[in-house]
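Chemist: have a look; sequence and predicted model below, questions after that.
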Protein chains: 4
Amino acid sequence: MKETFIRETATVDLDNPVLIEGLPGLGLVGKIAVRYLVRQLKAERFANLYSPHFPYFVLVGKKGGVRLLSGAFYYWKNKNAKSDLIFFTGDSQAQTIEGQYEISDQLLNFAEKRKVKMIITIGGYRVETKEKPKVLAAATDKTLLDRALQAGAILSPMGSPIVGTAGLVLGMARFKKVDALCLLGETRGYLPDPDAAKSVLEVLHAMFKFDVNLTGLDDEIVKAEKMVTRLQKIEEKRALQAEETRKEEDKKITYIS
Amino acid sequence: MKETFIRETATVDLDNPVLIEGLPGLGLVGKIAVRYLVRQLKAERFANLYSPHFPYFVLVGKKGGVRLLSGAFYYWKNKNAKSDLIFFTGDSQAQTIEGQYEISDQLLNFAEKRKVKMIITIGGYRVETKEKPKVLAAATDKTLLDRALQAGAILSPMGSPIVGTAGLVLGMARFKKVDALCLLGETRGYLPDPDAAKSVLEVLHAMFKFDVNLTGLDDEIVKAEKMVTRLQKIEEKRALQAEETRKEEDKKITYIS
Amino acid sequence: MKETFIRETATVDLDNPVLIEGLPGLGLVGKIAVRYLVRQLKAERFANLYSPHFPYFVLVGKKGGVRLLSGAFYYWKNKNAKSDLIFFTGDSQAQTIEGQYEISDQLLNFAEKRKVKMIITIGGYRVETKEKPKVLAAATDKTLLDRALQAGAILSPMGSPIVGTAGLVLGMARFKKVDALCLLGETRGYLPDPDAAKSVLEVLHAMFKFDVNLTGLDDEIVKAEKMVTRLQKIEEKRALQAEETRKEEDKKITYIS
Amino acid sequence: MKETFIRETATVDLDNPVLIEGLPGLGLVGKIAVRYLVRQLKAERFANLYSPHFPYFVLVGKKGGVRLLSGAFYYWKNKNAKSDLIFFTGDSQAQTIEGQYEISDQLLNFAEKRKVKMIITIGGYRVETKEKPKVLAAATDKTLLDRALQAGAILSPMGSPIVGTAGLVLGMARFKKVDALCLLGETRGYLPDPDAAKSVLEVLHAMFKFDVNLTGLDDEIVKAEKMVTRLQKIEEKRALQAEETRKEEDKKITYIS
């Protein structure tokens, strides 16, 4: 695997699709929001993104199968004749600087190939206090930005950075003649933040009128808190394991050389 | 050396070979297991893998010769007309993220070229307590997984990661239409763990009925403990040397410029 | 974006252009000096440089737009029939070793394509005490160096290093048959140093007789000190955010896997 | 500059040349030894090696000129009709893992192109105590190794590593059908060690009968100790400067954005 690539697993026809992107980041806001929509709309997976810039481990599944870290594309056909939707989420962001640019580039190539004209990226925006999370917007196009502001978002402050895929996709969108909007939910950042995801989804709902029930996210919040504890334990184990492996490597003991 | 490559040193014909991989990792479980089989079966080396992602030093041999860090392929022809075996082990895993993907990719290319249909990767699984090590299995194919479970392995827990070559080979096997099974022996991880290797070999023996005497591994365990002390001293010397060299480099003193 | 590239946004004809480069570095001396000239001469932007070796975030602008980190080229046509000027400045230096060489290489390619025969790079030179900053010069050509010395610069001490773009452009200029001069203003280095930039501009003014009023830089100094405080706060926020994101990534929690 | 390259500055014909390599490393043993031979034999420079894997700064020369970090090739024609000599030394080793392999590879390509059949690499071998430094040898060929042992070197211990160019050139020599010998002078490693270089030169002299007066190295030792102090001060300045620049970069303050 020399570089990031996207592999389609099903052939689908989409009308004027809008791409909504949410990779893991601050508060996992983007990932929670996108995954919630995927589940609610029963969107179907049709492509995967692989990269040699993702961390080099695989994850064991329920029945002993394994999978590479990856990104996944899901589609939902809109019966009301408005835009179809493509969702993109995944396990990780790139772990190298060039990988970050490469993955955002591949995402934009895929969007262009699929005749996507509008991309929405979702992430977290770090704040200290914790009231109802606001949603900050930035966009490549004034009309798109105004729609977000009318839908309840506020303007991102000048000079603030947007780190990773959520930002780079906007920065590079101009090279592909695609409009892009970034919605960042305020979050403390430490733990998965379904509240911040909910605020972003409310803005998206006001903008696009998804036929999606958001109260289900409250139930998800409870489930999430339980799952977090379980997954944190697994993660601690992985980190310890990786550290032991590095110690082993560093020792370079050649047993029975 | 621009990228990882494999160089064959002998031409061999193999029937339906099964590839068994064990690079250094947690507890050196994979390396110990594979090297033991290589010795017991008197498998012969027929190819080497070199990579610019291995650490940049060479090792001095017994008679003053040197060798690059590398991986080595050994073959064993099965007189009972079942599958022949290819073993792969080596000095190190890749030291960069892209290198990890590149080496696993080259391994799978080589397997595909050699008409390998089944790959078994071996590694360690970190646990705190130390009883008789269990063997955890994950696989790309249910039939293969069931064979492992019947042979005494238990299911890898959902959500656990498999780091490095042992995992990436399974994750990328689907791109080559090869089945793969990963066997991880429970180990504390600090030191070479021939006990964990022995547990894995017992599962392999039950699966494939190798004509291999495993009690010899007990003798190896004693020898290993002595060799560990000697090699740890050499390793400390290397690390000190590398650190001195880095200090020297950092000073960038141009003597007699 | 596989590698650094330069994109022209306007077509301009330039006579015997001289390229003046100042990327962020020690004391931001190069960037302050170049930006001051760009403003005073009302130079117009005509090209941008993008690179996958820049940090992977975008910056939000005044009206909610975003931009990639980049370098920018500005031109100024000299009505007195002497050389036209090209200015180059930007947000960041490359973050990788190969990226440093790649960006300097692309800069020199662009200069060669534009028939630039002389390049001036500007940076900071670290000193402890703080008197009126002197300007240290180094050059690929004796005549050019002498002009700088006559204009008030002093000779860079033998054996001193020039780090980053300001140095690499000089080191690689010989491959393009271009002459290059480096002017480093003495600076403590911690904060933006318009005083050091002013010293460099005085040398440039004596060399090239720009029609530029340097007293305006004093006003800029006051404004700068206020802006620094504001931007430092934004920067702290970004660094915290990036740290939170890394913690999130490190946890690798797969929510609703 | 996409990758390491070698640029010849003069055309020379050489008979059966032997290449002697000594880049900066432990105790600067290799560099001191090679530079001493270059000076004593008045060898002439005829090629340079440049790499995007060297540190990204340039060095100011005596008269305000600058140069990239590089490697340099010198030749000496042997009037006694034995082998001509090519010397290779430089400012630095590669700063990345792949760069280390790339530079050693380019060196071997150049040797092959020049019909070099034997390469000698020189480095340091870290020891704690400080008596007259011994010289440890490793080689790709038994005959060559024996010549070194007869000339006063001792065998490198099995399992010891040779880090960097001095080792990789030996490890990769087999791909080019070139024989290679590595001579490591015992050294504490902290400071330039002309004593260790002298021991290595004594072995080389016994092997090849260079017409070189080694007592001159004693004078060099005194000069070196004075120069070390001066250069260390310059180096501290560079390190501080680089650190300030990194702090500046990390702040990412966009002055007058």
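Modeler: That came through, no problem.
Chemist: quick check: phi and psi on residue A:120?
Modeler: In terms of degrees, to the nearest 10, the main-chain angles of residue A:120 are phi -120, psi 120.
Chemist: quick check: bridge partners of it?
Modeler: residue A:20, residue A:181 (DSSP bridges).
Chemist: how many other residues sit next to it?
Modeler: If you count neighbours by other Cβ atoms under 10 Å in any protein chain shown, residue A:120 ends up with 29. Yep, even glycine has a C-beta here, placed from its N, CA and C like the rest.
Chemist: name the helix or strand for residue A:137, please.
Modeler: Here residue A:137, judged by DSSP states H and E, is contained in strand A:135-139.
Chemist: is any part of that strand close to chain D?
Modeler: No - judged by Cβ under 8 Å from any Cβ of the partner chain, strand A:135-139 stays clear of chain D, getting no closer than 15.5 Å.
Chemist: how big is the angle separating the helix or strand just after that strand from strand A:135-139?
Modeler: Using DSSP H and E, the helix or strand that follows strand A:135-139 towards the C-terminus is helix A:142-150. Put simply, helix A:142-150 runs at 170 degrees to strand A:135-139, going by axes from the mean of the first three to the mean of the last three Cα atoms, to 10 degrees.
Chemist: using PDB, write down the CA coordinates of helix A:142-150.
Modeler: Extracted in PDB, the C-alpha atoms of helix A:142-150 (Å, rounded to 0.1, in the frame of the first residue of the first chain):
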ATOM      1  CA  LYS A 142     -20.800  33.300   1.500                       C
ATOM      2  CA  THR A 143     -24.200  31.900   0.600                       C
ATOM      3  CA  LEU A 144     -23.400  28.600   2.200                       C
ATOM      4  CA  LEU A 145     -22.100  30.300   5.300                       C
ATOM      5  CA  ASP A 146     -25.200  32.400   5.600                       C
ATOM      6  CA  ARG A 147     -27.400  29.400   5.400                       C
ATOM      7  CA  ALA A 148     -25.500  27.900   8.400                       C
ATOM      8  CA  LEU A 149     -25.800  31.200  10.300                       C
ATOM      9  CA  GLN A 150     -29.500  31.300   9.700                       C
END
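Chemist: helices or strands up against it?
Modeler: In terms of contacts (3 or more Cβ pairs under 8 Å, 6 or more residues apart in numbering or on different chains; DSSP states H and E), helix A:142-150 is packed against strand A:135-139, strand A:179-187, helix A:194-208.
Chemist: now do whichever helix or strand comes after it, average pLDDT.
Modeler: Using DSSP H and E, the helix or strand that follows helix A:142-150 in sequence is strand A:154-155. Strand A:154-155 shows an average pLDDT of 97 in the prediction.
Chemist: strands paired with strand A:154-155, and their directions?
Modeler: For strand A:154-155, using DSSP bridges, the partner strands are strand A:135-139 (parallel).
Chemist: which residues touch the strand it pairs with?
Modeler: A:125, A:145, A:148-149, A:152-157, A:162, A:170, A:179-186, A:199-200, A:202-203, C:60, C:64-66 (Cβ atoms under 8 Å, 6 or more residues apart in numbering or on different chains).
Chemist: just give me how far it sits from the chain centre.
Modeler: Computed by Cα atoms, centre = their mean, to the nearest Å, the chain-centroid distance of strand A:135-139 equals 16 Å.
Chemist: over to stretch A:48-62?
Modeler: Centroid displacement of stretch A:48-62 relative to its chain, using Cα atoms, centre = their mean, is 15 Å.
Chemist: quick check, that stretch touching chain C?
Modeler: Yes - using Cβ under 8 Å from any Cβ, stretch A:48-62 reaches chain C at A:55, A:59.
Chemist: swap in stretch A:165-179?
Modeler: Yes - counting by Cβ under 8 Å from any Cβ, chain C is contacted by stretch A:165-179 at A:167, A:168, A:170, A:171, A:172.
Chemist: how near is the last one to chain B?
Modeler: By that I understand residue A:172. 21 Å (Cβ to the nearest Cβ, to the nearest Å).
Chemist: what pLDDT is listed against that residue?
Modeler: pLDDT recorded at residue A:172 is 97.
Chemist: put together TSV for the helices and strands packed on helix A:142-150, with distance to residue A:11 on each row.
Modeler: Shown next, in TSV, are those (distance: least, Cβ to Cβ, whole Å):
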stretch	distance to residue A:11
strand A:135-139	31
strand A:179-187	26
helix A:194-208	25
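Chemist: out of those, which comes closest to residue C:242?
Modeler: Residue C:242 lies closest, by Cβ to Cβ, to one member of the helices and strands packed on helix A:142-150: strand A:179-187, at 13.9 Å.
Chemist: what angle do the closest one and helix A:194-208 make?
Modeler: Strand A:179-187 and helix A:194-208 meet at an angle of 150 degrees, taking the same axes, to 10 degrees as the criterion.
Chemist: which of the residues of stretch A:165-179 next to chain C lies closest to residue C:190?
Modeler: So of those, ranked by how close each gets to residue C:190 (Cβ to Cβ), first place is residue A:167, at 28.0 Å.
Chemist: gap between the closest one and chain B?
Modeler: Using Cβ to the nearest Cβ, we find residue A:167 at a distance of 21 Å from chain B.
Chemist: and the helix or strand containing that residue, what does it pack onto?
Modeler: Residue A:167 belongs to helix A:165-173 when assigned by DSSP H and E. Applying 3+ Cβ pairs under 8 Å, 6+ apart, we find helix A:165-173 packed against strand A:18-22, helix A:97-113, strand A:118-126, strand A:179-187, strand C:57-60, strand C:66-68.
Chemist: let's have those in TSV, adding mean pLDDT.
Modeler: Below are those laid out as TSV (pLDDT from 0 to 100):
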stretch	mean pLDDT
strand A:18-22	97
helix A:97-113	97
strand A:118-126	96
strand A:179-187	97
strand C:57-60	94
strand C:66-68	96
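Chemist: what would those look like in CSV with distance to residue C:6?
Modeler: Shown next, in CSV, are these (distance: least, Cβ to Cβ, whole Å):
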stretch, distance to residue C:6
strand A:18-22, 28
helix A:97-113, 16
strand A:118-126, 25
strand A:179-187, 23
strand C:57-60, 19
strand C:66-68, 13
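Chemist: what's around the nearest residue to residue A:187 once chain neighbours are set aside, how many residues?
Modeler: Using Cβ to Cβ, 6 or more residues apart in numbering or on different chains and skipping residues adjacent in sequence, the residue nearest residue A:187 is residue A:27, 3.3 Å away. By the measure other Cβ under 10 Å, the count of residues near residue A:27 is 30.
Chemist: give me phi/psi at the residue of the stretch 101-250 of chain A at minimum distance from chain D?
Modeler: In the stretch 101-250 of chain A, the residue that lies nearest chain D is residue A:159 (7.0 Å; Cβ to the nearest Cβ). Torsion angles at residue A:159 (phi, psi; degrees, to the nearest 10) stand at phi 90, psi -10.
Chemist: and it, how close does it get to residue C:66?
Modeler: Distance from residue A:159 to residue C:66, counting by Cβ to Cβ, to the nearest Å: 11 Å.
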